[in-house]
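Undergrad: below is the sequence, then the predicted model.
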Amino acid sequence: MPKQFTDPEAIAEDIIRDVGTNLVVGLPLGLGKANHVINALYARAAADRAINLTFFSALTLEKPKPSNLLERRFIAPVIERLFGNYPDLAYAGALHAGALPPNIKVIEFFFLAGRWLHVPFAQQHYISANYTHASSYLLARGLNVVTQLVAKRIVDGVPRYSLSCNTDTTLDILRARAEGRASFKLIGQVNAELPFMPGAGDLPAEEFSAILDSPATEFPLFAPPSEPITDTKYAIGLHAAGLVRDGGTLQIGIGQIGDALAQGLIVRHRNPAQFEATVRRLTPAAAQLAAVETGAFEKGLYGVSEMLFEAFLALIDAGILKRDVDGVVLHGAFFLGPKSFYRALRDMTPEQLARIQMTPVSFTNELYGDEDTKRRARVDARFVNNAMMATLMGAVVSDGLEDGQVVSGVGGQYNFVAQAFALQGARSVLTLEATRPAGAKTQSNIRWSYGHETIPRHLRDVIVTEYGVADLRGKSDADVIAAMLQVTDSRFQGELARQATDAGKLPRNFEIPAAYRENHPDRIASALKPARQAGLLPSFPFGSDFTGAEERLIPALQLLQEAQRSPQHLPGLLWQGFTRRPDAADQECLARLGLDRPKTFSERAYRALVSAALVKSREA
């Protein structure tokens, strides 16, 4: 049986006593980090330079950090409500401050998006890795400790521990230990909020060397709130929903587009006619409509996704995820989501929970190992993942910038692209917003070329923007460029077509068909408006951790953020705000920001801007 501890410092001392002063510590991706154990090890190494400590991890989670007055007043109560006593990871603060002790290293293979840009140590020690290769890299570095947050259950008087949210790499390295290819101590920290998940991650106590279990080290699970789904993301999600075949297989990547896709599938299942009408309004050419799947899910889907998140539970509830493989409708490797998601998992009956199985990432992301069974299960698979940019010739940029700065990571994206080409009837669907703000300007996310790529153009398949679907597989370069131009924002089509023509990749007489020359945000908003008004496309389709006032404030604050990029718009907003009297609902929003009784000129100006933005956001 494992040693039992109630004090983090004591378990850290025990680890050092057992393993020695050269510690190579594996930390699960995201939610599954044993924060108290990690911080105790960090403190010991920071105090004793004779200890060499390496943390190998991914997706270090941190509380949001507001940058201005309005953000602070909006987000501070949300942080307190949702994260409460969540313990910050000491190594993250030291990394941001450039104060990591010289005997401590932090190595990650996937970043929280954008969080470590221009942080030299993090950028220099990042390892670019497919998700399925991370465990082998960790073993090659001499892994000797794994710390993990676990759920606990007493069965016949004996404790069992569930890897719960992170079976991903832990099960793979446990298999390596069982086969004699690794030797490490598995250390658990019990968390009562963590759902006890059945399956391969349900472990007997003897798998662990030590357990930290105390009311004093309980903490609220990291629970990022769901964000509102914009028109752009809904348009992308609806286009992607039209690519999914009944009786098929579904994987969805991280991000709000996943929520939009799931809600699009639910609308399609429950209201096929309205789904078809909405997609018809979004799609400018009849030729594209012919390939759109619009029927309800009679056979249902089977889910196999490295990430399990709240939208998958909604798909199960809606009767869409119901095609089972040996009694399982959804296989996942890690999960992360809002509080309601964790609560839903904890409240499921054993029968319901048995239909969701957490597995190693080698199962979800690869075909190797029982390949015939996987191939039979993963019929008509659609692997849907997000990207930042794409080139006209179909290369995709998802993890970094051309100057070498890493934004996030490759993660499992390449794994699923490879599966799409290896499985009969499968497709890789990479989604991206057609544009992004860049200061006061707007930039196209579709480029002629870019100095970095995540997925090379020889693996180009399906790319989706809010303007439609570009089916690129097996096409010539000229046909690929033409298809990509059709899903490009029209403000950038002319220059991009000229670049392709000048490079000799398009004929001189090439013209973009007229149907695709109206790719503007206003067209998307207009196409979605009837479905929005009918309640089919709510901003928070799967619930919200925000209050009513906060939900009304979010689009207003986003509008102000956009206005700051074009300062000429601010005087008009100020004038409107100073000359109108807020109604009761707006007054509640102003009170939420502490602007109902402004005391300074700055607060009066903020009050006016927010008041005007609340009106404009309702009119949008």
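TA: That came through fine.
Undergrad: per-domain residue ranges of this structure.
TA: Listed by automatic domain parsing, the domain ranges of the chain are 3-217, 231-524, 548-619.
Undergrad: for residue 538, which of those is the nearest?
TA: Of all those, it is domain 231-524 that lies closest to residue 538, at 7.8 Å by C-beta to C-beta. From N, CA and C alone the C-beta is placed, and that goes for glycine too.
Undergrad: now residue 444: phi and psi?
TA: Dihedral pair for residue 444: phi -80, psi 140, per degrees, to the nearest 10.
Undergrad: what do you get for residue 214?
TA: According to degrees, to the nearest 10, residue 214 has phi -160, psi 140.
Undergrad: got the contact list for it?
TA: With contact set as C-beta atoms under 8 Å, 6 or more residues apart in numbering, residue 214 has these partners: 5-7.
Undergrad: who wins for neighbours among the residues you listed?
TA: Highest neighbour count within these, by other C-beta atoms under 10 Å: residue 5, with 22 neighbours.
Undergrad: now render the domains of the chain as JSON lines, adding distance to residue 534 and mean pLDDT.
TA: Conversion of the domains of the chain to JSON lines gives the following (distance: least, C-beta to C-beta, whole Å; pLDDT from 0 to 100):
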{"stretch": "domain 3-217", "distance to residue 534": "30", "mean pLDDT": "96"}
{"stretch": "domain 231-524", "distance to residue 534": "7", "mean pLDDT": "96"}
{"stretch": "domain 548-619", "distance to residue 534": "18", "mean pLDDT": "90"}
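Undergrad: reformat those domains as JSON lines; add distance to residue 542.
TA: Listed next are those as JSON lines, based on distance: least, C-beta to C-beta, whole Å:
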{"stretch": "domain 3-217", "distance to residue 542": "16"}
{"stretch": "domain 231-524", "distance to residue 542": "5"}
{"stretch": "domain 548-619", "distance to residue 542": "14"}
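Undergrad: which among these is found nearest to residue 537?
TA: Nearest to residue 537, of all these, is domain 231-524, at 5.3 Å by C-beta to C-beta.
Undergrad: the closest one spans what distance, first to last residue?
TA: End-to-end distance for domain 231-524, by C-alpha to C-alpha, to the nearest Å: 7 Å.
Undergrad: now it, how far from the centre of its chain.
TA: Averaging C-alpha positions (C-alpha atoms, centre = their mean, to the nearest Å) puts domain 231-524 13 Å from its chain's average.
Undergrad: and the pLDDT at residue 224?
TA: Residue 224 carries a pLDDT value of 92.
Undergrad: so who does it touch?
TA: 61, 336-338.
Undergrad: hmm, try it at 7 Å
TA: Residues near residue 224 by C-beta atoms under 7 Å, 6 or more residues apart in numbering: residue 338.
Undergrad: what about it, which helix or strand?
TA: Assigned by DSSP states H and E, residue 224 belongs to no helix or strand.
Undergrad: run a quick neighbour tally on residue 543.
TA: By other C-beta under 10 Å, neighbour count at residue 543 equals 16.
Undergrad: start at 42 instead
TA: That works, and once the first residue is 42, the last one we named lands at residue 584.
Undergrad: which one is it nearest to, not counting chain neighbours?
TA: Leaving aside its sequence neighbours, residue 584 sits nearest to residue 381 (C-beta to C-beta, 6 or more residues apart in numbering; 5.3 Å).
Undergrad: helix or strand next in line after the helix or strand harbouring the one you found, which one?
TA: In this structure, residue 381 sits in helix 380-388 according to DSSP H and E. Under the assignment DSSP H and E, the closest C-terminal helix or strand after helix 380-388 is helix 391-394.
Undergrad: circling back: buried ones in the helix holding residue 381?
TA: Residues of helix 380-388 classed as buried by neighbour count (16 or more other C-beta atoms under 10 Å): 380-383, 385-386.
Undergrad: which helices and strands does the lengthiest helix in the chain pack with?
TA: When the chain is parsed with DSSP state H, its longest helix is helix 642-660. Judged by 3 or more C-beta pairs under 7 Å, 6 or more residues apart in numbering; DSSP states H and E, the packing partners of helix 642-660 are helix 589-605, helix 611-619, helix 625-633.
Undergrad: contacts for it?
TA: Residues outside helix 642-660 that contact it (C-beta under 7 Å, 6+ apart) are 110-111, 593, 596-597, 600-601, 614-615, 617-619, 621, 623, 627, 630-631, 634, 636, 639.
Undergrad: any idea how far that helix is from the chain center?
TA: With C-alpha atoms, centre = their mean, you get 31 Å for helix 642-660.
Undergrad: in it, which residues are buried?
TA: 644, 646-658.
Undergrad: looking at those, which is nearest residue 315?
TA: Nearest to residue 315 out of the buried residues of helix 642-660 is residue 658 (C-beta to C-beta; 25.1 Å).
Undergrad: can you list the buried residues in stretch 442-452?
TA: Residues 447-452 are the ones in stretch 442-452 that count as buried (16+ other C-beta under 10 Å).
Undergrad: those in helices, which ones?
TA: Going by DSSP H, the helices hold none of the buried residues of stretch 442-452.
Undergrad: among those, which one lies nearest to residue 355?
TA: For those, the closest approach to residue 355 (C-beta to C-beta) belongs to residue 452, at 23.1 Å.
Undergrad: what is the burial count for residue 59?
TA: 14.
Undergrad: and it, how far is that from residue 53?
TA: Distance of residue 59 to residue 53, computed by C-beta to C-beta, to the nearest Å: 11 Å.
Undergrad: equivalent analysis for residue 61, please.
TA: From residue 61 across to residue 53, the span is 13 Å (C-beta to C-beta).
Undergrad: ok, these two, which is more surrounded?
TA: Counting neighbours by other C-beta under 10 Å for residue 61 and for residue 53 shows that residue 53 has the greater number, 25 against 11.
Undergrad: can you turn the buried part of the contacts of helix 642-660 into a PyMOL selection?
TA: Selection of buried members from these for PyMOL, criterion 16+ other C-beta under 10 Å:
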select buried, resi 111+593+596+597+600+601+614+615+617+618+623+627+630+631+634+636
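Undergrad: what is the burial count for the residue nearest to residue 103 when sequence neighbours are not counted?
TA: Once flanking residues are discounted, residue 103 sits nearest to residue 133: 5.6 Å by C-beta to C-beta, 6+ apart. The number of residues packed near residue 133 is 20, by other C-beta under 10 Å.
Undergrad: pretty sure residue 71 contacts residue 102?
TA: Yes. At 6.1 Å, residue 71 and residue 102 qualify as touching, with contact defined as C-beta atoms under 7 Å.
Undergrad: got the buried residues for stretch 89-108?
TA: Using 16+ other C-beta under 10 Å as the test for burial, stretch 89-108 gives 92, 94-102.
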